[in-house]
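Asker: model this:
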Amino acid sequence: MSINTSTTVSPDKLDELVAEADVGKRSPTGKISIGLLFLVPLLWSLFQLWTGSPLPSQFGIGFLNDTQSRAVHLAFAVFLAFLAFPAFSKSPTGYIPWVDYVLAILAAACASYLFLFNDQLATRPGLPTTMDLVVSAIGLALTLEAARRSLGPALMLIALFFLVYVFFGDSAILPEILRWKGASFEKAMNHMWLTTEGVFGIALGVSSGFVFLFVLFGALLNQAGAGNYFIKVAFALLGHMRGGPAKAAVLSSAMTGLISGSSIANVVTTGTFTIPLMKKVGFSAEKAGAVEVSSSVNGVIMPPVMGAVAFLMVEYVGISYIEVVKHAFLPATISYIALLYIVHLEALKADMKGLPRSTPARTWTAQLIRTGIVVTSMLILAGLLYYIVVAVKWLLGDYANAGLLALVVLGYFGLLYVSSKSDDLEIEASDEEILKLPIFSEVYKAGLYYLVPLLVLVWFLMVERKSPGLSAFWACMLMAFILLTQKPLKAWFRQQKHIVQQAKSGVVDLIDGLNTGARNMIGIGVATATAGIIVGTVTLTGIGQVMAEFVELVSGGVLIVMLLMVALISLVLGMGLPTTANYIVVSSLMASVVVELGAQSGLIVPLIAIHMFVFYFGIMADVTPPVGLASFAAAAVSGGDPIKTGFTAFFYSMRTALLPFLFIFNTDLLLIDVTFIEGVVVFIVSLAAMLVFAAGTQGYFIARSKWYESAALLLIAFTLFRPGFWLDMVDAPYQERSTEEMYRYIDQHPNLDTLRMSVEGESLDGRWISKTVHMPLLGQGDAVDRLLKGAGIELREEGGKYLIDNLSFGSYAEQQKLDFDWEITQFEVAADRPAKEWFFIPAFLLAVLVVWRQRKRKAGLE
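Answerer: Below you'll find the predicted structure:
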């Protein structure tokens, strides 16, 4: 398949665009410079593979604790940042200035300080020496400069702003609501650099422990040819449909998003192929770019990697990786399907056609039957594979691992043999006329063996429940084996000569993949370290509480206004930041705001829903003008106006902006506390709601919509998404009970595991707090014992009031920031009321009415 259209910029320019954003655009010609930029990333990948493997703990060789591995990880990142990224746009790219060598070595030495002097620092916690302080100051400054070079000025300026607040937060210039007592230089440097509260905190630990190996896995998979394979499969499946290239762009970006954590790299990788074809079938340059931006940014919210954010959520929210994937899967899936529908509506409005088919068209019934057969076959194969593994474990016992390894290798050999019977998929030239689409039955065979490492990764994560780091390690080792063997084995299966040359080519591919994976990590490693400065500021100064007070003051305590403010602040904070740093910043600052103010409004939301809320709005910054980096990358490919591209992409992404509000008010979307059958119903209803919402915002359903039809569609979507809103207006969700009844109610309900209660009292800083909390009830016995064991709280009765008499240290009640002498004003019991799903009936009837009117109008009967 080929195309006959020219892109606006040359392939070299696009490569430079990706390099500038991800791996560094410096391409020196000197032997020493080339050697360093080749050898150091390779050593970094090998180091991470070693620390991620079980070998150090088994043999007791090269074992590093978390702090030491984080220090070495950052040392590699900052060293490469100064070598690979020029200081300024006009700085030389053909050689590395001596100043950058000096800065690189100095930055790496400061980062390695915690590794080299780990034992000495452990003997004097909180008592830094002069050398400690000097190294900390230089290290912070160079980390900020590395962030500026590799990520642009945005994150560096935000971190610098927070550092200034650490030192001058007590200034009279600041409004009183924003002031704090300030910190000394010694206290700040110790907190930010010599402990795990700042730069070397959780974020850098996740980057070192999990993220690197997943990014490396994606780089190795792409080096093997999987990225090109995904694009070809998408075009073979969808290219013939109305607006087919745009639909293929969405699907290929979704698949590429599984192995890429960068929306910009996703835009350029798939966009160079999809955007010209979208323009060919009738999309304007701006709309073609916007479709690619929307689909590429959505790749970041798609499990299992989610731009490395999935692993950060594990640490910040305190739930398992499996839970994060489960909660993120449904909204990401329906968002992608809705984008496909938006593209379809755009194609209908413009009466676009698809690309020429290679095979005769099938009827929709035949296509549906064929799809059903394929899906059913895949489910049967998955079930069969599961039971084969179980059987191998049962039969071989202690030797099961060797048997499973042999099974994986045999599966790889078998699929590679099938793939060898098809021609290799070449990357298409951009200057030839398109003659026909590839045939799916031929294309999918060419890369079947790429599924093996993906299946191994998913198996370890989902079935074996191994840690993300160990799962990614074994997936990387399998990918290394595939890169070494795929070319010589294909040549052998095809009975070709030059097998030795193909084996050498495999070695080169593996080394290139290891090198690329490490260079892709430069920005992420530096970003997580720099974001640690912001996290450290939050823990040192308590600015999270200040933000809550500020938002409460401006919003006037109105819940929806508060959420809109948090969304806007998250959007602004995310501008110009890479995904990982973006999430760290917005979650550190804004998640606690939603928790605190939501509780004061009687809204109790699971923490994962709040983190998903701020994460979604943070990544919207990649789309939104004036800083939307992905929009500028797409415009460079399409030749469109970047601002128009950004606004169009934001319009297409409104469905993504809608979802976070639904997370807060309808946690069913995150599959929280729902059964399998309920989850299927939620998926069907949510998908219908999202498609209706897309039709309402696009002004087209069956035909072009009247304004009142669009309004009706939006109302239908709202009702399907949040039927509880209407039910709450008819029947209150909770019955209020007096505190005098609380003990008796708990004793009468021995299976009750949580109790919703309202509390109020004065905080340590003199503010009057009134909020609602869910108190866990554990163990057996009377109400007093169950409250103490579950929530860590003891009450006393005084003048007809129930006051908090004691809080257990580290208890749930203490974590909810309750305090002594606060009053329990009431408790609430879930009301016995009709199912909220009854409101689906009028919504579907209204949808039928809209469909009937539009069909009638389309047929020319009105």
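Asker: the closest residue to residue 393 other than its chain neighbours is in what secondary structure piece?
Answerer: Nearest residue to residue 393 in three dimensions, chain neighbours excluded: residue 400, at 4.4 Å (C-beta to C-beta, 6 or more residues apart in numbering). From N, CA and C alone the C-beta is placed, and that goes for glycine too. In this assignment (DSSP states H and E), residue 400 forms part of helix 400-420.
Asker: buried ones in that helix?
Answerer: 403-404, 408, 411-412, 415-417, 419-420 (16 or more other C-beta atoms under 10 Å).
Asker: among those residues, which one sits closest to residue 168?
Answerer: When those are ranked by distance to residue 168 (C-beta to C-beta), residue 408 comes first, at 57.9 Å.
Asker: list the contacts for the closest one?
Answerer: Neighbouring residues of residue 408 by C-beta atoms under 8 Å, 6 or more residues apart in numbering: 452, 456, 478.
Asker: where's the longest helix along the chain relative to the chain centroid, distance-wise?
Answerer: Taking DSSP state H as the criterion, the chain has its longest helix at helix 499-541. Computed by C-alpha atoms, centre = their mean, to the nearest Å, the chain-centroid distance of helix 499-541 equals 17 Å.
Asker: got it, and stretch 719-731?
Answerer: How far stretch 719-731 lies from its chain's middle: 30 Å, per C-alpha atoms, centre = their mean.
Asker: can you offset everything so residue one is 20?
Answerer: With the count now opening at 20, the last piece we talked about shows up as stretch 738-750.
Asker: what does that stretch contact?
Answerer: So stretch 738-750 is contacted by 677, 681, 684-685, 688, 704-705, 707-708, 711-712, 737, 752, 850, 852-853, 855-859, 861-862 (C-beta under 8 Å, 6+ apart).
Asker: in helices, which of those residues fall?
Answerer: The members of those that map onto helices under DSSP H are 677, 681, 684, 704-705, 707-708, 711-712, 737, 859, 861-862.
Asker: just flag the most distant two among those residues.
Answerer: Top of the distance list for these (C-beta to C-beta): 677 and 861, 20.9 Å.
Asker: is residue 266 in contact with residue 365, as I believe?
Answerer: No: under the criterion of C-beta atoms under 8 Å, residue 266 makes no contact with residue 365, lying 10.4 Å away.
Asker: secondary structure class of residue 825, three-state.
Answerer: Here residue 825 takes the strand state, with states given by DSSP: H, G, I helix; E, B strand; the rest coil.
Asker: that one bridge partners, please.
Answerer: Residue 825 has these beta-bridge partners by DSSP bridges: residue 813.
Asker: residues contacting it?
Answerer: Neighbouring residues of residue 825 by C-beta under 8 Å, 6+ apart: 812-813, 839.
Asker: sorry, back to before: tell me which of residue 677 and residue 861 has more neighbours.
Answerer: Ranked by neighbour count (other C-beta atoms under 10 Å), residue 677 and residue 861 place residue 677 first, with 22 against 14.
Asker: what does the model give that one for pLDDT?
Answerer: With respect to pLDDT, residue 677 has a value of 82.
Asker: just residue 26 next, same as before
Answerer: Note for residue 26: predicted pLDDT of 43.
Asker: so which helix or strand takes in the residue nearest to residue 758 when sequence neighbours are not counted?
Answerer: Leaving aside its chain neighbours, residue 758 sits nearest to residue 821 (4.5 Å; criterion: C-beta to C-beta, 6+ apart). Taking DSSP H and E as the criterion, residue 821 maps to strand 820-826.
Asker: for that strand, what does the pLDDT average out to?
Answerer: The pLDDT scores in strand 820-826 average 88.
Asker: show me where the stretch 370-519 of the chain has helices.
Answerer: Taking DSSP state H, counting those that start in this stretch as the criterion, the stretch 370-519 of the chain carries its helices at 383-415, 419-439, 459-462, 470-477, 487-512, 518-560.
Asker: closest one to residue 174 among the ones you listed?
Answerer: Minimum separation from residue 174 across the helices of the stretch 370-519 of the chain (C-beta to C-beta) falls at helix 518-560, 5.4 Å.
Asker: could you list every helix and strand that the closest one packs against?
Answerer: helix 50-71, helix 85-103, helix 149-170, helix 172-187, helix 221-225, helix 231-242, helix 487-512, helix 598-605 (3 or more C-beta pairs under 8 Å, 6 or more residues apart in numbering; DSSP states H and E).
Asker: buried stuff in the third one?
Answerer: Right, the one you point to is helix 149-170. When neighbours are counted by 16+ other C-beta under 10 Å, the buried residues of helix 149-170 are found to be 151-152, 154-159, 161-170.
Asker: quick one: the strands in the stretch 570-719 of the chain?
Answerer: Taking DSSP state E, counting those that start in this stretch, the stretch 570-719 of the chain contains no strands at all.
Asker: can you give me the helices in it?
Answerer: For the stretch 570-719 of the chain, applying DSSP H, counting those that start in this stretch gives helices covering 578-592, 598-605, 611-619, 626-638, 648-657, 661-671, 673-684, 695-717.
Asker: got the angle between the helix holding residue 419 and helix 487-512?
Answerer: 50 degrees (axes from the mean of the first three to the mean of the last three C-alpha atoms, to 10 degrees).
Asker: so helix 419-439 versus helix 470-477, what angle?
Answerer: 150 degrees.
Asker: helix 419-439 - what's its average pLDDT?
Answerer: For helix 419-439, mean pLDDT rounds to 90.
Asker: just the C-alpha atoms of it, please, in CSV.
Answerer: Taking Å, rounded to 0.1, in the frame of the first residue of the first chain, the C-alpha atoms of helix 419-439 are listed here in CSV:
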residue,chain,number,x,y,z
ALA,A,419,6.8,-26.4,35.7
ASN,A,420,8.8,-23.2,35.0
ALA,A,421,11.0,-25.1,32.5
GLY,A,422,7.9,-26.6,30.9
LEU,A,423,6.2,-23.2,30.6
LEU,A,424,9.3,-21.7,29.1
ALA,A,425,9.5,-24.5,26.5
LEU,A,426,5.7,-23.9,25.8
VAL,A,427,6.4,-20.2,25.2
VAL,A,428,9.4,-20.8,22.9
LEU,A,429,7.4,-23.5,20.9
GLY,A,430,4.5,-21.1,20.6
TYR,A,431,6.8,-18.4,19.3
PHE,A,432,8.5,-20.8,16.8
GLY,A,433,5.1,-21.9,15.6
LEU,A,434,3.7,-18.4,15.1
LEU,A,435,7.0,-17.2,13.5
TYR,A,436,6.8,-20.2,11.1
VAL,A,437,3.3,-19.1,10.1
SER,A,438,4.5,-15.5,9.7
SER,A,439,7.5,-16.5,7.6
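Asker: next one: it to chain centre, how far?
Answerer: Counting by C-alpha atoms, centre = their mean, helix 419-439 comes out at 31 Å from the chain centroid.
Asker: run a quick neighbour tally on residue 782.
Answerer: Using other C-beta under 10 Å, residue 782 has 13 neighbouring residues.
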